[in-house]
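Undergrad: What follows is a predicted structure for the sequence shown.
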Amino acid sequence: MMNFTEEDLDHYLQNQADLRHRQVCKSVEDVQKIIKDLTAEISSKDARFQSIANSGVHNDSFKDQPALASKWSALLRGRCTFNPAIQVLTPTLFLISVPVRGLMGYKERRARQWRYYTLSGSHLLSPVREPEKLHQWLELESFANASQEWHDTRLAMEGDIVPAKVVTVFKEQVEAAIKTCRLTEKVCVLESVGSVVRVAVETSEAQIEVELVPTVELMNCWPKRAHWPRLLQRWPSTERTRCIKSFGFNLMATSNYHWLLSFSRAEQVLLGCIDEDGGYRRKCYRVVRQLKEDVWCPGNKPVITAHHLQTLLFWTCEKYPSSRDWRNLRECVLRLVQKLHKCVSQRYLRHYFVRTYNLLKYTNTNELDDMAKKISDFLENPHAYIH
């Protein structure tokens with residue numbers, strides 16, 4: 001087996017990963033401007049949806065919590081240029097959470113056990129299936145102050161805020177805003193299956209597919225099913241963990257009946273501050289992500305996305321918390337690749353915050369097997385790919 005050197009890795013980063021970073025940054029900039037205009041127009045017509053400019057700590061709901069905004073800015077100053085609403089899954093596939101307005105004072109409560117309604121409002125004889133580990137019901141009563149607009153029967157049913165109904169209303173507003181903003185040459189709504197709004201956005205770099213997801217942003221609270229940090233956990237530090245949990249979590253309208261738990265702000269802070277001790281964690285991540293996109297799992301709809309790799313990185317940081325474990329870039333890259341090969345081969349990757357959920361549960365097993373074979377080929381002769 002011919003191995004690669006630190007010099008090979010630096011060259012690979014400069015010629016491949018840095019180029020990818022510049023292209024993605026330009027695409028994000030173009031998409032952000034268009035979606036910002038689009039969501040601002042939607043918000044002017046339906047105040048329940050906000051502009052993406054108001055996402056995260058800039059959400060209208062948190063204007064009375066300036067300390068949170070200051071803490072966020074201090075943590076990510078100079079480290080993160082992307083809008084917190086935008087997740088880059090691949091260079092041509094973005095996930096954008098669109099914050100909602102009018103749901104204040106969230107408190108997690110025990111939800112009713114069974115639901116017997118369909119999305120059209122008819123009665124079922126057997127109940128709707130229960131949410132999986134990364135999903136939950138969302139009831140109007142969970143909010144101390146839910147504006148009257150959310151009691152609209154087009155959005156709620158039997159006390160539940162129904163994600164599929166929210167997406168239907170939101171999609172109507174997206175289609176109208178594209179025409180109003182005269183963006184028909186730059187944005188078009190794509191056909192989609194299930195509760196999702198997919199649009200194609202033309203940028204100076206490429207056509208980007210964007211999933212727009214109405215999102216309830218919840219600060220200063222943490223879901224009970226996310227048992228984090230774990231007992232005797234050494235990474236991240238106790239202080240950093242407490243800080244991360246103060247940024248809360250999101251509930252995203254991605255399925256018919258149940259809301260998806262998302263920890264995008266927590267993940268952003270973890271990734272943004274990951275090399276405070278001077279290690280090579282982020283460089284390692286960038287190398288593996290580039291190999292994934294170029295060789296192992298290319299394309300617009302890969303089975304493994306940047307989010308999967310990010311999750312794998314967090315687990316690896318937790319297992320190897322010492323800075324000395326991240327000082328040799330070549331060893332770090334090989335370690336992360338080996339862990340990725342194990343996850344793909346076993347078709348199992350635990351969610352970082354809700355560890356009982358397998359992120360690969362519904363992925364295409366044939367594609368995972370193909371990827372495992374490609375990673376195995378790489379491990380036999382890495383110099384053939386990085387030189």
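TA: That came through fine. Numbering: from 1, shown residues only.
Undergrad: number of nearby residues for Glu205?
TA: Residues contacting Glu205 under the criterion other CB atoms under 10 Å number 18. Backbone N, C-alpha and C define where each C-beta goes, glycine included.
Undergrad: Give me the three-state assignment for it.
TA: Secondary structure, DSSP: H, G, I helix; E, B strand; the rest coil: Glu205 is coil.
Undergrad: need the contact list for it.
TA: Gln23, Lys26, Ser27, Asp30 (CB atoms under 8 Å, 6 or more residues apart in numbering).
Undergrad: correct me, but the last one touches Ser204?
TA: Okay, so that is Asp30. Yes. Under the contact definition of CB atoms under 8 Å, Asp30 touches Ser204, with a separation of 6.0 Å.
Undergrad: where are the low-confidence patches of the protein?
TA: Per-residue confidence for the chain (pLDDT under 70) gives these ranges: 1-2, 57-82.
Undergrad: quick check: longest helix of it.
TA: Among all segments of the chain classified by DSSP state H, the helix with the greatest residue count is helix 18-45.
Undergrad: ok, the closest residue to Leu125 other than its chain neighbours to Glu293 distance?
TA: Counting by CB to CB, 6 or more residues apart in numbering, Tyr116 is the residue found nearest to Leu125 once chain neighbours are left out, at 7.6 Å. Applying CB to CB, to the nearest Å, one obtains 45 Å for the distance of Tyr116 from Glu293.
Undergrad: same check, this time on Ser204
TA: 20 Å.
Undergrad: Which one's more surrounded, these two?
TA: With neighbours defined as other CB under 10 Å, Ser204 and Glu293 compare such that Glu293 has more, 21 against 9.
Undergrad: how about the more buried one, what does it touch?
TA: Each residue near Glu293 by CB under 8 Å, 6+ apart is listed here: Arg20, Thr90, Pro91, Pro302.
Undergrad: Helix, strand, or coil at it?
TA: Secondary structure of Glu293, reduced to three states by three-state DSSP: helix.
Undergrad: contacting residues around the helix or strand where Val88 lies?
TA: In the assignment (DSSP states H and E), Val88 maps to strand 86-90. With contacts defined as CB under 8 Å, 6+ apart, strand 86-90 is touched by 24, 28, 31-32, 52, 82, 94-97, 264, 293, 299-300, 302, 305-307.
Undergrad: Please save the CA atoms from it in PDB.
TA: Only the C-alpha atoms of strand 86-90 are listed here, as PDB (Å, rounded to 0.1, in the frame of the first residue of the first chain):
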ATOM      1  CA  ILE A  86     -28.800  27.400   5.400                       C
ATOM      2  CA  GLN A  87     -27.400  23.900   5.500                       C
ATOM      3  CA  VAL A  88     -25.200  22.900   2.600                       C
ATOM      4  CA  LEU A  89     -25.800  19.100   2.200                       C
ATOM      5  CA  THR A  90     -23.900  19.000  -1.100                       C
END
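Undergrad: Need phi/psi at the closest residue in space to Tyr320 that isn't next to it in sequence.
TA: Beyond its immediate neighbours in the sequence, the residue positioned closest to Tyr320 (CB to CB, 6+ apart) is Trp326, lying 7.1 Å away. Note on Trp326: its backbone torsions stand at phi -130, psi 30 [degrees, to the nearest 10].
Undergrad: So what's the residue count around Trp326?
TA: As a burial measure, the neighbour count of Trp326 was computed by other CB under 10 Å and equals 24.
Undergrad: need the contact list for it.
TA: With contact set as CB under 8 Å, 6+ apart, Trp326 has these partners: Asp275, Asp277, Gly279, Tyr280, Arg281, Cys284, Tyr320, Cys332.
Undergrad: List the contacts of the second one.
TA: Okay, so that is Asp277. With contacts defined as CB under 8 Å, 6+ apart, the neighbours of Asp277 are Ser323, Trp326.
Undergrad: now the last one
TA: In this structure, Cys332 makes contact with Tyr280, Arg281, Lys283, Cys284, Asp325, Trp326, judged by CB under 8 Å, 6+ apart.
Undergrad: In a markdown table: those, plus secondary structure.
TA: Formatted as a markdown table, the contacts of Cys332 follow (three-state DSSP):
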| residue | secondary structure |
| --- | --- |
| Tyr280 | coil |
| Arg281 | helix |
| Lys283 | helix |
| Cys284 | helix |
| Asp325 | helix |
| Trp326 | helix |
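Undergrad: Most neighbours out of those, which is it?
TA: Across the contacts of Cys332, the neighbour count under other CB under 10 Å reaches its highest value at Cys284, namely 26 neighbours.
Undergrad: Wait, that residue touches Val333, no?
TA: Yes. Contact criterion CB under 8 Å: Cys284 and Val333 qualify, at 5.3 Å.
Undergrad: anything in contact with each of the two?
TA: With CB under 8 Å, 6+ apart as the test, Cys284 and Val333 reach no residue in common.
Undergrad: Pull up the gap between Cys343 and Met371, please.
TA: Counting by CB to CB, the gap from Cys343 to Met371 is 10 Å.
Undergrad: Parallel or antiparallel, list what pairs with the strand holding Val88.
TA: When sheet partners are counted by DSSP bridges, strand 86-90 sits next to strand 93-99 (antiparallel).
Undergrad: Identify the residues contacting the strand it pairs with?
TA: Taking contacts as CB under 8 Å, 6+ apart, the residues outside strand 93-99 that touch it are 28, 31, 35, 39, 42, 49-50, 52, 54-56, 59, 85-89, 170, 208-215, 217, 250, 252, 262, 264, 300-301, 305.
Undergrad: can you check stretch 185-197 too?
TA: Residues external to stretch 185-197 that are found in contact with it (CB under 8 Å, 6+ apart): 34, 38, 163-164, 167, 170-171, 174-175, 178, 198-202, 209, 211-213, 253-256.
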